[in-house]
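Colleague: Pasting the sequence and the predicted coordinates here, then a few questions.
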Amino acid sequence: MSSYTVISPVTEKSVAEIVMADLQQTDAVIATAAKAFESWRKVTPGDRAKLLRKFAALVDTYNEELAQLEVLNSGHTIGNARWEAGNVRDVLNYYSAAPERLFGRQIPVPNGIDITFKEPLGVIGVIVPWNFPMPIAGWGFAPALAAGNTVVLKPAELTPMTAIRLGEIALEAGIPAGVFNVIPGKGSIVGERFVTNPLVRKIVFTGSTTVGKHIMQGCADQVKRVTLELGGKSANIIFADADIEKAAAGAPGAVFDNAGQDCCARSRILIQRSAYDKFMELFEIAVKKFRVEDPSLDTAEMGPLISAQQLARVKEYVPADTEIAFQGNKPAGDGYWFAPTVLTPKDTKDRAYREEIFGPVVSVIAFEDEDDAIRMANDSEYGLSGSIWSRDIGRAVRVSRAVEAGNLSVNSNSSVRYWTPFGGYKQSGLGRELGPDALDAFTETKNVFFDTQA
Ligand code: NAD
């Protein structure tokens, strides 16, 4: 039996030893989930709703414990970690309203009645990355359970601790054993098995675009349903007619939150040339004020990177001879720290400008006019998120319609709400999570015709 040593990104010391499932154990849990599906799907809508609300209430009770666990395991700031546990509660509460509202349709037909049903799929495999262990798990398991499916969930190797705790809390809430199963393990073993085991009827994968493509190929073999939430390289587009003070004050948080390990990070700032100098002056002040410190402090705005490997990867994008426009601060001593870093590449071919770094590095580049801004924003294989800053409402509408991305915000950097859809264009993903339509991704539509002729 293999195990994984969880390392604190703050102290670089081991904090837990986690047993990793092998193939046989994975198959055994999947079989248990398939068995549990037979009874879970029959739990009455009202009872399923009550159980999900109880689960949500307990997640709320344990908010501080879950948040502290995330600070320990992932180095998230305590403020973020409390929000993340609260997001699991909110997503559970939101989808607890779904069992009683899983409506089909009645479609007029001759000689009978035609009704559609939304049937659960069976066992759903949820594969979670390390950057937002709690919310991304919840976005998968909450609607899946609400629609009557059972779940096998694999947390990332680096960040299993809150997922394991959520599995225990589900049992305490009265969710029957076998309905929500957390299986820590390797992607190449447990994750791959979710794809190849025919009892798993759908994969919800969040992670890198490379692994996502591999999973999509694997799912093709069984025509397995798949939702993918992948990488991003989102643009923060700032027009000269915008509130430049507000855009500059918000720009550090939009890219350096969670140390830039955020698929929605606005890691390309496109600023209209006539406002470039003013923006950079204000942006520098904001970056230098951004508080990078012990994430357990209430004042922390950014903690360390998740691992030594991630730190090495980010450093590769900023080699010693890089011209750095300016940098923020970072604590000295132990921990995988990287100071917020602002680059001003000469052109859009620059590697740091084009590739997802998943660290606190942002590239700023000037554009001339609206067409230029749209062309530059769309010049990426990704299309997940982005911001548009302008006081001209017509321009804001035109640009938000033209940018190829799933989640945009105008005069704001906030694009994730559990009751609105989330997902990517192009190589940022396939399908949508959250919002009112997520249930469609966890159900099959069945059409039944009843002949009523005598
Ligand atoms: P990753 O692709 O390496 O791993 C993600 C998960 O997949 C982990 O649980 C891993 O164990 C598992 N996995 C790895 N290989 C597998 C395989 N062959 N079969 C099945 N499962 C496998 O990604 P990561 O480094 O953990 O996460 C960072 C990436 O996630 C970034 O690219 C980021 O943009 C992306 N991300 C996207 C979103 C989104 O919603 N679009 C959200 C968060 C993160």
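Modeller: Thanks, I have it.
Colleague: switch to C-alpha atoms for all contacts and neighbour counts from now on
Modeller: Noted.
Colleague: can you map out the helices along the stretch 301-450 of the chain?
Modeller: With DSSP state H, counting those that start in this stretch as the criterion, the stretch 301-450 of the chain has helices at 308-316, 351-354, 370-378, 393-402.
Colleague: Give me the packing partners of the shortest one, helices and strands only.
Modeller: Using 3 or more C-alpha pairs under 8 Å, 6 or more residues apart in numbering; DSSP states H and E, the elements in contact with helix 351-354 are strand 361-367.
Colleague: nearest spatial neighbour of the residue nearest to the spatial centre of the chain, skipping sequence neighbours?
Modeller: Nearest to the mean C-alpha position of the chain, by C-alpha atoms, centre = their mean, lies Ile136 at 4.7 Å. Excluding the flanking residues, the one nearest Ile136 by C-alpha to C-alpha, 6 or more residues apart in numbering is Val128, at 6.4 Å.
Colleague: quick one: the one you found and Ala137 touch, right?
Modeller: Yes: taking contacts as C-alpha atoms under 8 Å, Val128 lies within contact range of Ala137: 6.1 Å.
Colleague: what touches both of the two?
Modeller: Residues touching both Val128 and Ala137 (C-alpha atoms under 8 Å, 6 or more residues apart in numbering): Leu153, Pro155.
Colleague: Among those two, which residue is more densely surrounded?
Modeller: Higher neighbour count among Val128 and Ala137: Val128, with 29 against 24, using other C-alpha atoms under 10 Å.
Colleague: ok now do that one, which residues does it touch?
Modeller: Val128 makes contacts with Ile136, Ala137, Leu153, Lys154, Pro155, Ala156, Phe205, Thr206, Gly207, as judged by C-alpha under 8 Å, 6+ apart.
Colleague: now those residues as JSON lines including secondary structure, pLDDT and distance to Glu381?
Modeller: Output for the contacts of Val128, formatted as JSON lines (DSSP: H, G, I helix; E, B strand; the rest coil; pLDDT from 0 to 100; distance: C-alpha to C-alpha, whole Å):
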{"residue": "Ile136", "secondary structure": "helix", "pLDDT": "98", "distance to Glu381": "23"}
{"residue": "Ala137", "secondary structure": "helix", "pLDDT": "98", "distance to Glu381": "26"}
{"residue": "Leu153", "secondary structure": "strand", "pLDDT": "99", "distance to Glu381": "29"}
{"residue": "Lys154", "secondary structure": "strand", "pLDDT": "98", "distance to Glu381": "27"}
{"residue": "Pro155", "secondary structure": "coil", "pLDDT": "98", "distance to Glu381": "27"}
{"residue": "Ala156", "secondary structure": "coil", "pLDDT": "98", "distance to Glu381": "25"}
{"residue": "Phe205", "secondary structure": "strand", "pLDDT": "98", "distance to Glu381": "19"}
{"residue": "Thr206", "secondary structure": "strand", "pLDDT": "98", "distance to Glu381": "17"}
{"residue": "Gly207", "secondary structure": "coil", "pLDDT": "98", "distance to Glu381": "16"}
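Colleague: Same list (those) but as CSV, adding distance to Gly386.
Modeller: Listed next are the contacts of Val128 as CSV, based on distance: C-alpha to C-alpha, whole Å:
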residue, distance to Gly386
Ile136, 19
Ala137, 23
Leu153, 29
Lys154, 29
Pro155, 27
Ala156, 26
Phe205, 22
Thr206, 19
Gly207, 19
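Colleague: which one of those residues is nearest Arg225?
Modeller: Nearest to Arg225 out of the contacts of Val128 is Phe205 (C-alpha to C-alpha; 10.9 Å).
Colleague: quick revisit: and the residue nearest to Ile136, how far is that from Thr159?
Modeller: Val128 sits 9 Å away from Thr159, going by C-alpha to C-alpha, to the nearest Å.
Colleague: go on, Ala402?
Modeller: Distance, Ala402 to Thr159, by C-alpha to C-alpha: 37 Å.
Colleague: what does Val200 give?
Modeller: Per C-alpha to C-alpha, Val200 is found 23 Å from Thr159.
Colleague: and the stretch 251-400 of the chain, which of its residues are near the ligand?
Modeller: Within reach of the ligand by C-alpha under 6 Å from any ligand atom, the stretch 251-400 of the chain has these residues: Asp262, Cys263.
Colleague: which residue does the stretch 251-400 of the chain bring closest to the ligand?
Modeller: In the stretch 251-400 of the chain, the residue that lies nearest the ligand is Cys263 (3.8 Å; C-alpha to the nearest ligand atom).
Colleague: show me what contacts Phe384?
Modeller: Actually, residue 384 is Leu. It isn't Phe. By C-alpha under 8 Å, 6+ apart, the contact list for Leu384 reads 231-234, 263-264, 405-407, 423-425, 428-429.
Colleague: Please pick the buried ones from the contacts of Val128.
Modeller: Neighbour-count burial (16 or more other C-alpha atoms under 10 Å) is assigned, among these, to Ile136, Ala137, Leu153, Lys154, Pro155, Ala156, Phe205, Thr206, Gly207.
Colleague: what two of the residues you listed are the furthest from one another?
Modeller: Taking C-alpha to C-alpha, the two most distant members of those are Leu153 and Gly207; they sit 13.8 Å apart.
Colleague: quick one: secondary structure of Gly125?
Modeller: Of the three states, Gly125 takes strand under DSSP: H, G, I helix; E, B strand; the rest coil.
Colleague: Contact partners for it?
Modeller: Val151, Val152, Leu153, Lys154, Phe194, Val200, Arg201, Lys202, Ile203, Val204.
Colleague: now swap in Val403 and tell me
Modeller: Going by C-alpha under 8 Å, 6+ apart, the list of residues near Val403 reads Ile374, Ala377, Asn378.
Colleague: if you skip the residues just before and after it, what's nearest to the first one?
Modeller: Taking C-alpha to C-alpha, 6+ apart as the measure, Ile374 lies nearest to Val403, with 6.1 Å between them; neighbours along the chain are not counted.
Colleague: Could you check how far that neighbour is from the ligand?
Modeller: From Val403 over to the ligand the distance is 17 Å, taken as C-alpha to the nearest ligand atom, to the nearest Å.
Colleague: give me the number of residues near the closest residue to Ala97 other than its chain neighbours?
Modeller: Nearest residue to Ala97 in three dimensions, chain neighbours excluded: Ala49, at 6.3 Å (C-alpha to C-alpha, 6+ apart). A count of nearby residues for Ala49, using other C-alpha under 10 Å, gives 22.
Colleague: rewinding a little: which one's more surrounded, Ala402 and Thr159?
Modeller: Higher neighbour count among Ala402 and Thr159: Thr159, with 26 against 14, using other C-alpha under 10 Å.
Colleague: pretty sure that one contacts Ala137?
Modeller: No: Thr159 lies out of contact with Ala137 (C-alpha under 8 Å); the separation is 11.4 Å.
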